[in-house]
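# A structural model of the following input is requested.
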Amino acid sequence: NRRTGTATLLTVPLIGWTPKDRTRACGFSVSKYGAQQSTDPWMPDCGNGVRTDGTEITGNDPHDTSAAITPAFVQAWMAHLLGKYGNAAGTGVRFYNLDNEPELWDETHRDVHPAPTSYDEMRDRTTAYAAAIKAADPTAQTLGPVSWGWTAYFWSALDWAPGGAWWNNPQDRLAHGNIPFVEWYLQQMQADEQQQGVRLLDYLDLHYYPEAAGVTLSPAGTAATQALRLRSTRSLWDPTYTDESWIAEPVRLVPRMHDWSDTYYPGTKLAISEYNWGALDNLNGALAQADVLGIFGREELDLATLWASPSSAQPGAFAFRLFLNYDGLHDRFGDVSVAAASADQEQLAIYAALDGAGGVLRLIIINKATQALTSPVTLGNFRPAAAAQVYRYSAANLAAIVREADLAVSQTGFTATFPASSLTLLVVPASGATPAPTVTLTGTPTPTATSTPQPTRTVTATRSPTPSARPSSTFTP
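Reported below is the predicted structural model:
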């Protein structure tokens with residue numbers, strides 16, 4: 001990671017257990033706990049913890065596989081890393097995830113943590129282990145609660161453990177003032193800082209996998225599924241989009257996270273440390289991935305990590321190259337967000353950025369439609385050069401981002417045709433000084449994309465005004 005300039009996001013255990021050694025061992029040994037419904041075909045003594053009559057084995061010994069740990073275990077691990085690589089402010093591990101999807105421990109780690117996690121346990125484990133991390137390296141950045149998805153944002157595992165219509169009587173949440181879990185968690189982190197004088201949580205970190213059928217971690221699917229995949233990115237931001245899944249309400253995830261942070265623990269940055277829109281081996285998935293990256297930048301998400309990455313030759317990788325290395329010479333999308341709007345963002349999405357020096361405007365335009373679309377693009381408060389460079393990724397060549405003929409640009413913009421299901425990057429140099437910015441969005445026949453640079457602002461988002469307590473940020477996908 002140091003060689004490639006990659007920041008490390010390291011998951012540390014909060015669960016209180018760690019593998020006791022490198023020997024392969026069974027959490028539910030058949031020889032020790034009796035016959036079970038299924039076993040590991042390569043290790044037949046390792047059962048699934050469910051008896052042949054369907055009841056779960058309880059009272060097993062966690063020491064069969066694991067050793068009990070405390071926060072001191074994490075500090076010892078960090079001492080090794082600090083000694084070898086330095087601290088987070090230097091060249092060491094920068095980010096520490098406070099475990100992973102702890103609401104699922106009673107399923108994924110039932111041999112050592114059979115009880116469902118509660119509000120109180122999440123608070124107590126977070127404060128104990130995060131304090132240990134900060135004591136070992138005060139420059140380290142912590143991320144929590146690393147929740148698995150939608151249900152865990154609002155309730156605890158203890159709430160849903162009874163089954164049935166548990167949401168009508170969520171006992172753990174009701175015992176905590178009927179406050180949704182993430183809101184309560186942030187309140188507790190703020191209260192701890194006020195008492196102890198140390199911020200223990202730097203990032204609100206959630207996982208998000210779209211729940212619409214056939215989208216996440218899935219192949220491209222039918223034409224209907226591919227269209228759904230491209231629509232479902234709206235769940236990240238759009239308050240008018242009702243999620244097309246069992247959620248069946250607007251998710252508006254990143255603005256919702258901003259609201260939570262701003263209201264309950266101002267200054268907390270935002271992370272989505274797992275997400276996946278599927279089909280990364282297909283052009284459809286590349287379109288969705290590029291749209292997601294544009295949304296993350298525009299909506300001021302501070303950190304995101306994809307689960308899991310495409311191979312370097314797959315279309316999904318080209319979505320990242322469009323932002324990070326579109327010409328093979330490591331030129332990249334700008335780091336200063338620019339206000340950009342489309343008359344039909346669902347069909348023809350647009351994102352814009354300036355480089356730090358303010359001399360080059362870059363536009364990424366995503367045609368999600370299955371036919372070519374022609375649209376005028378209006379530039380406001382920007383003096384463009386006479387021509388823009390055009391880089392495109394499309395079905396015409398899935399093995400490369402293609403440099404195409406330059407596009408003529410007037411002082412107010414241009415009109416261009418965008419091929420069906422394509423990603424287009426336009427590089428527009430400035431011809432002179434940029435005047436003081438104003439917001440100018442022009443309405444023209446659909447589909448239309450409008451970009452208005454705002455070079456004096458570090459980040460511009462199509463949201464409500466930014467509270468002064470929110471940390472400023474720049475975006476690098």
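
# low-scoring stretches of this structure, by residue?
358, 432-477 (pLDDT under 70).

# got the residue ranges for the strands in the stretch 51-200 of the chain?
With DSSP state E, counting those that start in this stretch as the criterion, the stretch 51-200 of the chain has strands at 66-68, 95-98, 141-147.

# which residues touch the shortest one?
I take that to be strand 66-68. The contact list for strand 66-68, computed with Cβ atoms under 8 Å, 6 or more residues apart in numbering, reads Gly16, Trp17, Thr18, Pro19, Lys20, Pro62, Asp111, Val112. (Glycine included, C-beta is placed from N, CA and C.)

# make it 6 Å
Contact partners of strand 66-68, identified using Cβ atoms under 6 Å, 6 or more residues apart in numbering, comprise Trp17, Thr18, Pro19, Lys20, Val112.

# Could you do stretch 259-271 as well?
So stretch 259-271 is in contact with 143, 182-183, 186-187, 189-190, 203-205, 257, 301-303, 467, 469, 471, going by Cβ under 6 Å, 6+ apart.

# Can you turn the buried part of those into a PyMOL selection?
In PyMOL, a selection of the buried entries from the contacts of stretch 259-271 looks like this (16 or more other Cβ atoms under 10 Å):
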select buried, resi 143+182+183+186+187+189+190+203+204+205+257+301+302+303
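
# Gly164: neighbouring residues, count only.
8 (other Cβ atoms under 10 Å).

# oh, I was asking about Tyr185
25.

# in the sheet, who's paired with the closest residue to it other than its chain neighbours?
Nearest non-adjacent residue to Tyr185, counting by Cβ to Cβ, 6 or more residues apart in numbering: Pro145, 5.7 Å away. Assessed by DSSP bridges, Pro145 has beta-bridge partners Asp205.

# Which of the contacts of stretch 259-271 fall in helices?
Here DSSP state H is the test, and those give Val182, Glu183, Leu186, Gln187, Met189, Gln190, Met257 as lying in helices.

# Show the contacting residues for the last one.
The one in question is Met257. Contacts of Met257 (Cβ under 6 Å, 6+ apart): Leu204, Leu270.

# any idea how far Trp237 is from it?
Between Met257 and Trp237 the distance is 11 Å, computed by Cβ to Cβ, to the nearest Å.

# Show me which helix runs longest in the chain.
helix 119-136.

# Correct me if wrong, but Gln291 is in a helix.
One correction, residue 291 is Asp, not Gln. Yes: Asp291 forms part of a helix when assessed by DSSP: H, G, I helix; E, B strand; the rest coil.

# re the thing from before, the longest helix of the chain vs strand 141-147, what angle?
Using axes from the mean of the first three to the mean of the last three Cα atoms, to 10 degrees, the inter-axis angle of helix 119-136 relative to strand 141-147 is 160 degrees.

# Just the C-alphas of helix 119-136, formatted as CSV.
Output in CSV follows, covering the C-alpha atoms of helix 119-136 (Å, rounded to 0.1, in the frame of the first residue of the first chain):
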residue,chain,number,x,y,z
TYR,A,119,-27.6,-0.6,21.8
ASP,A,120,-25.6,-0.7,25.0
GLU,A,121,-23.2,-3.3,23.9
MET,A,122,-22.4,-1.4,20.7
ARG,A,123,-21.8,1.8,22.7
ASP,A,124,-19.6,0.1,25.4
ARG,A,125,-17.5,-1.9,22.9
THR,A,126,-17.0,1.1,20.7
THR,A,127,-15.9,3.4,23.4
ALA,A,128,-13.5,0.8,25.0
TYR,A,129,-11.8,-0.2,21.8
ALA,A,130,-11.8,3.3,20.1
ALA,A,131,-10.2,4.8,23.2
ALA,A,132,-7.5,2.1,23.0
ILE,A,133,-6.9,3.0,19.4
LYS,A,134,-6.6,6.7,20.1
ALA,A,135,-4.3,6.1,23.0
ALA,A,136,-2.0,4.0,20.8
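
# what does that helix rub up against?
Against helix 119-136 from outside (Cβ under 6 Å, 6+ apart): 14, 71, 74-75, 78, 96, 98, 140, 142, 144-145, 156, 172, 176, 188, 192, 198, 200.

# Any quick PyMOL command for the buried ones out of those?
Buried subset of the contacts of helix 119-136, written as a PyMOL selection, criterion 16+ other Cβ under 10 Å:
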select buried, resi 14+71+74+75+78+96+98+140+142+144+145+156+172+176+188+192+200
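
# So for the protein, which residue is the most central one in space?
In the chain, the centroid-proximal residue (Cα atoms, centre = their mean) is Ile272; its distance is 2.9 Å.

# how many neighbours does the residue nearest to that residue when sequence neighbours are not counted have?
With Cβ to Cβ, 6+ apart as the criterion, Ile272 has its nearest non-adjacent residue at 4.7 Å, and that residue is Ala304. Look at Ala304: counted by other Cβ under 10 Å, it has 20 neighbours.
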